[in-house]
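>>> just need the structure, nothing else, for what follows:
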Amino acid sequence: MRSTTTLIKKMLGLVLGLAGILATGHASAQAAEWPTKPIRIVVGFAPGTPPDIFARMYGDYASRKLGVPVLIDNKPGTAGNLASDTVAKAPADGYTFLYNLSTAFTINPYIYSKLPFDPEKDLVPVATTMRQGLVLIANAKFPARTLKELVAAAKEKPGTYSHASYGAGSPSQLIVESLKDEVGITMLHVPYRASPIADLVGGQVDTLMEPIATGYPLISSGRVQALAYSGPTRHPALPDVPTLSEVMPGFSMMSWHGIWAPANTPPAVLNRFNAVFVEASKDPDLAKRIKDLNSEPLGVTRTEMSAMVRRDAEIYSRVVKARNIRVD
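Predicted coordinates:
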């Protein structure tokens, strides 16, 4: 009886082992055969916006490398949520991907009371494309010329000065809220539905945390002044502008874009697509085009991308909860 039981266990082990080998072989075959038809990348923002521009850059590269068309499908709406929901509900066959801002996963789940999809369960990280820091800018007549002068002025006159943003819960608000908490200052938050740039230049608001790609031309033209940069080190184009970490030790925050896929998309396909995007970020021509837009190419592993989401979400969610920020 014991020998029969042992034999059954051995046979079961062989069957399970064979199943594992077959599954691995099937996954490898899927990756080897993929893609056999056009790939769709759903972008969470309108044509002509930075996410669309970068998605098309990388999409063109991927198309050349994979030998199939890569189609850009713009679905703007609710800060990228519409595109995320579209891809979350798409077939997990390796032919539909999401291109979105990182904030769709690091901020949106905390400022929207109910999303029609689960960002953690319905979508999986695939690849990153680019990143850029944000620069704290002030109108040309603002009395403070440095970050330390801003802090001193705000402490001397609490609530007198303002910081504009691209809306409640946007990085332009949350990063400044973190600064205010860290150094103990009070400033009036002025959220905008559209760009605050005209009012900033005109002096209706005092400061704004702006992506460097759009902020640098304003700085170089003298229309605004730069007080601080959000990246981990000083920006090479602004070597005299301090980082936020110089008054907030250890703090940095970058804006970045990434690719996600429906959950249950074959891992072998995800890994191959990731490899294409990592390779793209090292391509000299593509890297130059990205740097010309005051951004940095960013190619990391899927594991590293997941860690980036967790890190940023921890920082942003802390501010959102402390301020009880909601947009719906």
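
>>> which residues does the residue nearest the centre of the chain contact?
In the chain, the centroid-proximal residue (CA atoms, centre = their mean) is residue 102; its distance is 2.2 Å. Counting by CB atoms under 8 Å, 6 or more residues apart in numbering, residue 102 makes contact with 255, 256, 257, 258, 308, 309, 312. All C-beta atoms are positioned from the backbone trio N, CA, C, and that covers glycine.

>>> repeat that with 6 Å
256, 258 (CB atoms under 6 Å, 6 or more residues apart in numbering).

>>> got it, and the one 10 residues further on?
For residue 112, the contact set (CB under 6 Å, 6+ apart) comprises residue 328.

>>> one more pass at 8 Å, please.
With CB under 8 Å, 6+ apart, residue 112 has these contacts: 78, 81, 326, 327, 328.

>>> for residue 77, grab the count of nearby residues.
Residue crowding around residue 77 was assessed by other CB atoms under 10 Å; the count is 14.

>>> next one: residue 35
20.

>>> what strand or helix carries it?
For residue 35, there is no enclosing helix or strand under DSSP states H and E.

>>> could you find the closest non-adjacent residue to it?
Excluding the flanking residues, the one nearest residue 35 by CB to CB, 6 or more residues apart in numbering is residue 68, at 4.8 Å.

>>> ok, the one you found to residue 167 distance?
Note on residue 68: its distance to residue 167, by CB to CB, to the nearest Å, is 38 Å.

>>> likewise for residue 41?
Distance of residue 41 to residue 167, computed by CB to CB: 25 Å.

>>> if you count surrounding residues, which of the two has more?
More neighbours surround residue 41 than the other of residue 41 and residue 167, with 21 against 15 (other CB under 10 Å).

>>> tell me the one of the contacts of residue 112 nearest residue 158?
Ranked by distance to residue 158 (CB to CB), the contacts of residue 112 are led by residue 326 at 25.6 Å.

>>> gap between the closest one and residue 115?
Going from residue 326 to residue 115 by CB to CB gives 13 Å.

>>> between those two, point out the one with more neighbours.
For residue 326 versus residue 115, neighbours defined as other CB under 10 Å are more numerous around residue 115 (17 against 12).

>>> from memory that one sits against residue 109, does it?
Yes: contact status for residue 115 versus residue 109: in contact at 6.6 Å, counting by CB atoms under 8 Å.

>>> just the strands in the chain please.
Counting by DSSP state E, the chain has strands at residues 39-43, 70-74, 96-101, 123-139, 162-165, 188-191, 207-211, 224-229, 254-262, 296-297.

>>> would TSV of those with mean pLDDT and distance to residue 89 be doable?
Below are the strands of the chain laid out as TSV (pLDDT from 0 to 100; distance: least, CB to CB, whole Å):
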stretch	mean pLDDT	distance to residue 89
strand 39-43	99	11
strand 70-74	99	14
strand 96-101	99	10
strand 123-139	98	10
strand 162-165	98	31
strand 188-191	98	31
strand 207-211	98	30
strand 224-229	98	39
strand 254-262	99	8
strand 296-297	97	31
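
>>> which one of the ones you listed lies nearest to residue 90?
Distance to residue 90, taken as CB to CB, is lowest for strand 96-101 among those, at 3.9 Å.

>>> just checking, what packs against the closest one?
The helices and strands touching strand 96-101, judged by 3 or more CB pairs under 8 Å, 6 or more residues apart in numbering; DSSP states H and E, are strand 39-43, helix 50-66, helix 81-88, strand 123-139, strand 254-262.

>>> tell me which of those lies nearest to residue 277.
Smallest distance to residue 277 across the helices and strands packed on strand 96-101 (CB to CB): 3.6 Å, for strand 123-139.

>>> now do that closest one against strand 224-229, angle only.
Orientation of strand 123-139 against strand 224-229 (axes from the mean of the first three to the mean of the last three CA atoms, to 10 degrees) gives an angle of 130 degrees.

>>> which of the contacts of residue 112 fall in helices?
If you go by DSSP state H, the contacts of residue 112 have residue 81 in helices.

>>> show me the helices in the stretch 151-300 of the chain, by range?
Here the stretch 151-300 of the chain has its helices, by DSSP state H, counting those that start in this stretch, at 171-183, 197-202, 212-220, 267-282, 284-291.

>>> before we move on, back to that, make sure the residue nearest to residue 35 is actually in contact with residue 40.
No: using CB under 8 Å as the test, residue 68 is too far from residue 40 to be in contact (10.8 Å).

>>> more neighbours: these two, which one.
residue 40 (18 against 15).

>>> please report how far that one lies from residue 328.
Residue 40 is 28 Å from residue 328, by CB to CB.

>>> follow-up on the earlier one: in a markdown table: the strands of the chain, plus distance to residue 273.
As requested, those are arranged in a markdown table below (distance: least, CB to CB, whole Å):
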| stretch | distance to residue 273 |
| --- | --- |
| strand 39-43 | 8 |
| strand 70-74 | 10 |
| strand 96-101 | 7 |
| strand 123-139 | 6 |
| strand 162-165 | 34 |
| strand 188-191 | 37 |
| strand 207-211 | 26 |
| strand 224-229 | 32 |
| strand 254-262 | 7 |
| strand 296-297 | 16 |
